[in-house]
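**Q** Sequence first, predicted coordinates after that:
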Number of protein chains: 4
Amino acid sequence: MSAQGDHNHPLVSESRLRVRYAETDQMGIVYHANHFIWFEVGRVEFLRQLGFSYRDMERDDNCLIAVVDARCRYRAPAVYDDEIVIRTHIKNVRESMVHFGYELRRAGDGTLLAEGETTHIVVNSENKISAFPKKYMGALRAAMRRAAPNAENPSTGNEMGD
Amino acid sequence: MSAQGDHNHPLVSESRLRVRYAETDQMGIVYHANHFIWFEVGRVEFLRQLGFSYRDMERDDNCLIAVVDARCRYRAPAVYDDEIVIRTHIKNVRESMVHFGYELRRAGDGTLLAEGETTHIVVNSENKISAFPKKYMGALRAAMRRAAPNAENPSTGNEMGD
Amino acid sequence: MSAQGDHNHPLVSESRLRVRYAETDQMGIVYHANHFIWFEVGRVEFLRQLGFSYRDMERDDNCLIAVVDARCRYRAPAVYDDEIVIRTHIKNVRESMVHFGYELRRAGDGTLLAEGETTHIVVNSENKISAFPKKYMGALRAAMRRAAPNAENPSTGNEMGD
Amino acid sequence: MSAQGDHNHPLVSESRLRVRYAETDQMGIVYHANHFIWFEVGRVEFLRQLGFSYRDMERDDNCLIAVVDARCRYRAPAVYDDEIVIRTHIKNVRESMVHFGYELRRAGDGTLLAEGETTHIVVNSENKISAFPKKYMGALRAAMRRAAPNAENPSTGNEMGD
């Protein structure tokens, strides 16, 4: 987070969505599984901001990112018609693995609604472990360094721990 | 296949499911799009009762049934933890088309919750119009005749009308 | 579509969304129940364009619109990452009932993906039939007249028919 | 309560469901957010096996369990029409908190598909932190002790850690 040459601030992509009625439950708040769908929306927009389309990654490069671990900590309820800001960054990336972090906030007042992480492995369309094509790897590594300069430092590896 | 001995009454398959919390919305009832998912559950169980697996139809016979029309009339709200009975029958079937009818009832008291129909065309995995393989066609036709002896009578063609 | 004073063109609200990965199914297209969720997104944006928040309608005016009939005709598949345009208009409105029409198009090339209708009754939070408060009624009627000058003409009433 | 006669083995409830077409995505496998919905199915069946209805807990005892943390590790893909066994147990319970563990297996061959945990706090219908009524607390504590005799031992507290 210090001086980083031409990348003065962390790369965190932002995307927005509005809570749908279908996403609420009878508690009157958003059902908790939907947050993982929103993380995915954030992930795809993150890639788009790097210049990539996940649709093309799958179709043209036979490069799919399968979820192997997903976690969400719920801080405050999201409610119907809230506008949600999804902030997505890369926590770690390796040849065959990428680890994203997310933050969900209510756009109106900035309330933190949830935080989460997902870990993915790269697979091909036959579901065999594969690796990121070079063009993605370079951009993802750069994005990670900009998001958290010490991200490959072992001390950041325990983000799933209590 | 007309004289059917023990098949004298309509073929209506029944399947059951329990309303999930995720399926409710903030009105405290089941969100209306879920009924179409339940119709699909009924459709698949209907086929299973005929001796077919829709999974195998897709995978082994390259025979997919794509929805072209879907409708639901909501009679009473389904609520969380209700046990739902889905009654499915065939309204019509042709080489490349099949038309299902559904009824959703609360298991506890038999209350009619919803009625609906879906129309499907047969396509292959390239999304091109195709036709039912013979083994399916025969069974579906027989099921339709048992469900409604006059199903091919023109007067039954207006089930979508008001 | 005749002379309409200051309302020279039909009131059709447009909203946009991007297809989520979660909305696809193993056919590689959007699962058909999601179209009804998108219709709801269109409905809410339609009301917002009239100056109303459905959230406030429910919370402040104890005015809920429960779905009693929903139908969708599928014209072409929507696929992952498509940007979808939802065009929503009012087909009919009465004291305790409102009838919306929808059109889904792919933003990129304008392809018609689906058309549909939903019919709703006005209920209060105890699920008893109620009526639109005056402020909504006036605006909805005006919107309907602008959408389709002859909407109350019987010939437009059979949109659910085959 | 350790020597428990007929309660000699851990209390793990089992429930079953069949993968719906709606739950698949274009990778041809179950979309990962659905696992959290299945965990909820398991949780509710777990309570039912203890003699409680979560519906009644909410409605009659004003006792809601809000998710504060949810995690899933994906071991193998679930596919359309698989029959899934959900094994649910209690990892920990306190006055205002309960922590569930889950295992998802394919019924056919026993393959482990996913493991997960959710942590919940007890709230009332105004979303204020509350506590389990005594009748639930006693049964939950007993279930936890039967599930894992040392569950309150600190060494089991790091189940979220890598």
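**A** Yep, it's here.
**Q** Just say helix, strand or coil for A:Gly42.
**A** At A:Gly42 the chain is in helix, as set by DSSP: H, G, I helix; E, B strand; the rest coil.
**Q** just A:Gly51 next, same as before
**A** Following three-state DSSP, we place A:Gly51 in the coil state.
**Q** and the closest residue to it other than its chain neighbours, how many residues sit next to it?
**A** In space, and not counting its chain neighbours, A:Gly51 is closest to A:Ala139: 6.9 Å by Cβ to Cβ, 6 or more residues apart in numbering or on different chains. In this view, the C-beta of every residue, glycine as well, is placed from N, C-alpha and C. Residues near A:Ala139, counting by other Cβ atoms under 10 Å in any protein chain shown, number 17.
**Q** Pull the contacting residues for A:Ala139.
**A** Listed by Cβ atoms under 8 Å, 6 or more residues apart in numbering or on different chains, the contact set of A:Ala139 reads A:50-52.
**Q** In a helix, it, correct?
**A** Yes. Applying three-state DSSP, one finds A:Ala139 inside a helix.
**Q** ok, A:Ile37 - how many residues close by?
**A** Neighbour count for A:Ile37, taken as other Cβ under 10 Å: 18.
**Q** Would you mind confirming that it is in contact with D:Phe36?
**A** No. Here A:Ile37 does not reach D:Phe36: they are 10.2 Å apart, not a contact under Cβ atoms under 8 Å.
**Q** distance of A:Thr88 from B:Gly101?
**A** Between A:Thr88 and B:Gly101 the computed distance is 45 Å (Cβ to Cβ, to the nearest Å).
**Q** Neighbour count: the two, which is higher?
**A** Of the pair A:Thr88 and B:Gly101, A:Thr88 is the one with more neighbours under other Cβ under 10 Å, namely 28 against 21.
**Q** Okay, and the beta partners of that one?
**A** Beta-bridge pairing for A:Thr88 (DSSP bridges): A:Ser13, A:Tyr102.
**Q** With A:Thr118 instead?
**A** When assigned by DSSP bridges, A:Thr118 has beta-bridge partners A:Ala70, A:Phe100.
**Q** Look up how far chain C lies from it.
**A** As judged by Cβ to the nearest Cβ, to the nearest Å, A:Thr118 and chain C stand 12 Å apart.
**Q** I believe A:Ile65 is in a helix; please confirm or correct that.
**A** No. Under three-state DSSP, A:Ile65 falls outside any helix and is assigned strand.
**Q** Not counting sequence-adjacent ones, nearest residue to it?
**A** A:His120 (4.0 Å).
**Q** cool, A:Asp61 as well?
**A** Nearest non-adjacent residue to A:Asp61, counting by Cβ to Cβ, 6+ apart: A:Pro133, 5.3 Å away.
**Q** Show me which residues of chain A are close to chain B?
**A** A:21-22, A:24-29, A:31, A:33, A:80 (Cβ under 8 Å from any Cβ of the partner chain).
**Q** Would you mind checking these for buried ones?
**A** A:21-22, A:24-27, A:29, A:31, A:33, A:80 (16 or more other Cβ atoms under 10 Å in any protein chain shown).
**Q** Can you list the buried residues in stretch A:50-64?
**A** For stretch A:50-64, by 16+ other Cβ under 10 Å, it's A:52, A:54-55, A:57-58, A:63-64.
**Q** Go ahead and name everything in contact with it.
**A** A:43-44, A:47-48, A:65, A:122-125, A:130, A:132-133, A:136, A:139-140, A:143, C:21, C:80-81, D:26-27.
**Q** could you pull out the helices for chain A?
**A** Listed in chain order, the helices of chain A (DSSP state H) span A:34-49, A:54-61, A:134-147.
**Q** With respect to burial, which of those scores highest?
**A** For the helices of chain A, average neighbour numbers computed from mean count of other Cβ atoms under 10 Å in any protein chain shown are highest in helix A:34-49, which has a mean of 23.
**Q** Does it reach chain D?
**A** Yes. On the criterion Cβ under 8 Å from any Cβ, helix A:34-49 is in touch with chain D at A:34, A:36-37, A:40.
**Q** Quick one: list the elements packing against that helix.
**A** Under the contact definition 3 or more Cβ pairs under 8 Å, 6 or more residues apart in numbering or on different chains; DSSP states H and E, helix A:34-49 sits against strand A:13-18, helix A:54-61, strand A:64-74, strand A:83-94, strand A:97-106, strand A:112-123.
**Q** now the ones you listed in CSV, with distance to D:Arg71?
**A** What follows is these, written out as CSV (distance: least, Cβ to Cβ, whole Å):
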stretch, distance to D:Arg71
strand A:13-18, 23
helix A:54-61, 23
strand A:64-74, 4
strand A:83-94, 15
strand A:97-106, 14
strand A:112-123, 9
